[in-house]
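> requesting a structural model of the entry that follows:
(2 chains)
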2 protein chains.
Amino acid sequence: MKLLDIYAKMKSDLDILEGKLAQSVTSDHSLLSETSTHLLKAGGKRIRPVFVLLSGKFGEYRLETLEKIAVSLELIHMSSLVHDDVIDNADTRRGQLTVKSKWDNRIAMYTGDYIFGKALTIVTELKNPLIHQILSKAMVQMCIGEMEQIRDFFNTEQSIRDYLLRIRRKTALLIATSCQLGAIAAGAEWWVSNRLYRFGYNVGMAFQIGDDLLDLLGTEKQIGKPPGSDIRQGNITLPVLLALQEQGREQLLHELNKIRESDGAGDTKKALNIIRRSAGIRISEELAARYISKATQALADLPDIPAKKNLTDIAHFVAKRNY
Amino acid sequence: MKLLDIYAKMKSDLDILEGKLAQSVTSDHSLLSETSTHLLKAGGKRIRPVFVLLSGKFGEYRLETLEKIAVSLELIHMSSLVHDDVIDNADTRRGQLTVKSKWDNRIAMYTGDYIFGKALTIVTELKNPLIHQILSKAMVQMCIGEMEQIRDFFNTEQSIRDYLLRIRRKTALLIATSCQLGAIAAGAEWWVSNRLYRFGYNVGMAFQIGDDLLDLLGTEKQIGKPPGSDIRQGNITLPVLLALQEQGREQLLHELNKIRESDGAGDTKKALNIIRRSAGIRISEELAARYISKATQALADLPDIPAKKNLTDIAHFVAKRNY
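Modelled structure (predicted):
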């Protein structure tokens, strides 16, 4: 099944979620409502909510419960994006002005804090402390991942393992948690939520590798921001680390150094060309594919309900993002 | 009883808390541990933990439970301070370098996020969803309060009511919540936790008014940062609003405008002199005293245990901070 068809089948539930998301950030403070709504309207694939709902199908599917998990996770994700845009000094995301660029850094910081707080308010309406616990732990890991990213900026000596640990925290754990909490909230058995966690974790790893590839290979139109943004800000991703293990290493180091010294204003064209020509691209694609295959294997023992097929299809879609 | 005596009597429990606080922010990420520990060591009065513990005396006092509330509230408070320092562009706090000045704004932002996440992890160890709910709501209000402060920067037309609503959200609600949650976690009756909430709310209002007075009247040594910081950054507090209702209004407006235009570099001496000579000081002190009296009244019906006397004494101390 195509991705659009899966979304179409879930449309009525997703529409309700979209309404709840919009409602969740309307406060008696107009500027906060405005910044948050701006953010919401920029859209996104809502992949975390979709995973929550599909994972909920492995238990007793109750939208009133699942929607709280889904809205909360999407808000936490959004909140981290606003803070990242401050860090990355990003002017656009998904082709839209960022909060920090349309307003300013201070407003973006508090908008992030506010959305984060709202996420918690919503999830705490569920009276299951286990859910609160799992969520808060995932959030701490996410923060550590973000901080590791800053620490590793322009560090060309970092290992592949450093990169994988970082994206695990930064991206994969929250997606894993989406699947796990969807299952737990639906009262699925423990082993079921564990398998879904593993599914989400592996899809999340592939997803981030795919995202990092897209930043190197995509067009500005596809990405919603100029390609090479990662290297411009010093975020050394897998394909770059792999390219640094090849012949062009010295030239690439030289280019990365020039970019670093230009303080974000430098030209990334030459560095991009070296990376694009390297085997780092293919090896990264293969690793992403391996994660996808592990993800689908994690589902093997689960009952053959339509949601299982949907999750598998989404995983394959993540693997084949057209860059 | 003097404040120091109250702290001395609680010393063994507070020492345990201090240990838990230090432990809570040690992570496998060294920079985050370092920034958080730097922050912790800067100290503070730990007023929120003290209120949690004393309120817990009105129920079944169990330190293992109360400490989780206390540590969590202190971390939330600290997390908001780090983010505020980014907003206020503050270089020192309590006489120590701020995280944003010792490291940078980006690190300060993620340090705040991380400490916030840690606070949640700790409080979610308590299996009482009501506690999680109350806490998350207080956090959202705090964010709105911070945002209102930005919105109202240099707004000399705001009303006294705007100011009071703002400090209610920014400060008083979290202190109220400290008292309320201490009581709830100790299994105190509902009306008891309500009274303690009201106590904390009124002390919190007085506390913030006192803080705002201190910034206008204290010495750099007392405050830990140069006096007049609030007006330098555009934070128009109660005494200033009151001074603006007097004869010196035009001159004060002129001075505030100069400060605004100087973008934080301006001289606050003249403005400070006008405010210090105005009746705004006395009226603010009277209002703070009124809040303190409401606070102690809220305790009237509670059983006459030593903790009640301690809370009353602390309230009176808050009223008489030596500026």
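
> could you pick out the longest helix of chain A?
Identified as the longest helix of chain A according to DSSP state H is helix A:190-217.

> in the helix or strand that it is followed by, what counts as buried?
On the C-terminal side of helix A:190-217, the closest following helix or strand by DSSP states H and E is helix A:220-223. Buried residues in helix A:220-223, counted by 16 or more other Cβ atoms under 10 Å in any protein chain shown: A:Ile223. C-beta: built from backbone N, CA, C; applies to glycine.

> likewise for stretch A:197-207?
Within stretch A:197-207, the residues that qualify as buried are A:197-207, counting by 16+ other Cβ under 10 Å.

> now these in JSON lines, with pLDDT and distance to chain B?
Output for these, formatted as JSON lines (pLDDT from 0 to 100; distance: Cβ to the nearest Cβ, whole Å):
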{"residue": "A:Tyr197", "pLDDT": "98", "distance to chain B": "18"}
{"residue": "A:Arg198", "pLDDT": "98", "distance to chain B": "22"}
{"residue": "A:Phe199", "pLDDT": "98", "distance to chain B": "24"}
{"residue": "A:Gly200", "pLDDT": "98", "distance to chain B": "19"}
{"residue": "A:Tyr201", "pLDDT": "98", "distance to chain B": "19"}
{"residue": "A:Asn202", "pLDDT": "98", "distance to chain B": "22"}
{"residue": "A:Val203", "pLDDT": "97", "distance to chain B": "23"}
{"residue": "A:Gly204", "pLDDT": "96", "distance to chain B": "18"}
{"residue": "A:Met205", "pLDDT": "97", "distance to chain B": "19"}
{"residue": "A:Ala206", "pLDDT": "97", "distance to chain B": "25"}
{"residue": "A:Phe207", "pLDDT": "95", "distance to chain B": "22"}
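
> count of residues packed around the residue of the stretch 151-300 of chain A at minimum distance from chain B?
Residue of the stretch 151-300 of chain A nearest chain B, by Cβ to the nearest Cβ: A:Arg151 (5.9 Å). A count of nearby residues for A:Arg151, using other Cβ atoms under 10 Å in any protein chain shown, gives 16.

> got a list of what the residue lying closest to it once chain neighbours are set aside touches?
Distances taken as Cβ to Cβ, 6 or more residues apart in numbering or on different chains place B:Leu31 nearest to A:Arg151, at 5.9 Å, with adjacent residues excluded. Residues near B:Leu31 by Cβ atoms under 8 Å, 6 or more residues apart in numbering or on different chains: A:147, A:151, B:103, B:107.

> where does confidence bottom out across those?
Within the set of the contacts of B:Leu31, pLDDT is lowest for B:Trp103 (76).

> and it, what does it touch?
Counting by Cβ under 8 Å, 6+ apart, B:Trp103 touches B:31, B:35, B:111.

> and these, which is the shakiest by pLDDT?
Lowest pLDDT among these: B:Leu31, with 77.

> list the buried ones in the helix or strand hosting it?
For B:Leu31, the host element (DSSP H and E) is helix B:30-41. For helix B:30-41, burial by neighbour count (16+ other Cβ under 10 Å) applies to B:31-32, B:34-36, B:38-40.

> just put these in a markdown table and tack on distance to B:Leu253.
Below are these laid out as a markdown table (distance: Cβ to Cβ, whole Å):
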| residue | distance to B:Leu253 |
| --- | --- |
| B:Leu31 | 45 |
| B:Leu32 | 44 |
| B:Glu34 | 44 |
| B:Thr35 | 40 |
| B:Ser36 | 42 |
| B:His38 | 40 |
| B:Leu39 | 37 |
| B:Leu40 | 41 |
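
> of those, which pair is most distant in space?
Using Cβ to Cβ, the pair of the buried residues of helix B:30-41 lying farthest apart is B:Leu31 and B:Leu40, separated by 14.9 Å.

> ok, so of the buried residues of helix B:30-41, who is nearest B:Leu165?
Taking Cβ to Cβ as the measure, B:Leu165 lies nearest B:Leu39 of the buried residues of helix B:30-41, at 28.5 Å.

> nearest residue to the closest one in space, please, no chain neighbours.
Nearest residue to B:Leu39 in three dimensions, chain neighbours excluded: B:Met78, at 5.7 Å (Cβ to Cβ, 6+ apart).

> mind pulling up the pLDDT for A:Glu146?
For A:Glu146, the pLDDT comes out at 82.

> next, the contact list for it, please.
Contacts for A:Glu146 were tallied using Cβ under 8 Å, 6+ apart; they are A:80, A:83-84, A:87, A:170, B:110, B:113.

> got it, and A:Ile107?
Going by Cβ under 8 Å, 6+ apart, A:Ile107 touches A:31, A:35, A:99-100, B:147, B:150.

> what kind of secondary structure is it in?
On the three-state scheme (DSSP: H, G, I helix; E, B strand; the rest coil), A:Ile107 is labelled helix.

> the one 3 residues further on too?
Here A:Tyr110 is helix, with the state taken from three-state DSSP.

> look up how far B:Gln149 lies from it.
A:Tyr110 sits 9 Å away from B:Gln149, taking Cβ to Cβ, to the nearest Å as the criterion.

> also A:Ser178?
Distance, A:Ser178 to B:Gln149, by Cβ to Cβ: 34 Å.

> so those two - more neighbours on which side?
Comparing A:Ser178 with B:Gln149 by other Cβ under 10 Å, the one with more neighbours is A:Ser178, at 33 against 23.

> thought that one was touching A:Leu73?
Yes: counting by Cβ atoms under 8 Å, A:Ser178 does reach A:Leu73; the two are 5.1 Å apart.

> show me the strands in the stretch 51-200 of chain A, by range?
Counting by DSSP state E, counting those that start in this stretch, the stretch 51-200 of chain A has strands at residues A:92-93, A:96-97.

> name the surrounding residues that touch the last one.
Strand A:96-97 is contacted from outside by A:38, A:41-42, A:91, A:224, using Cβ under 8 Å, 6+ apart.

> which of these sit farthest apart?
A:Lys41 and A:Asp91 (17.1 Å).

> which other helices and strands contact the worst-scoring helix or strand of chain A on mean pLDDT?
When each helix and strand of chain A is scored by mean pLDDT, DSSP states H and E, strand A:92-93 comes last, with a mean of 71. Counting by 3 or more Cβ pairs under 8 Å, 6 or more residues apart in numbering or on different chains; DSSP states H and E, no packing neighbours are recorded for strand A:92-93 among the helices and strands.

> so what strands line up beside that strand?
Partners of strand A:92-93 in the sheet, by DSSP bridges, are strand A:96-97 (antiparallel).
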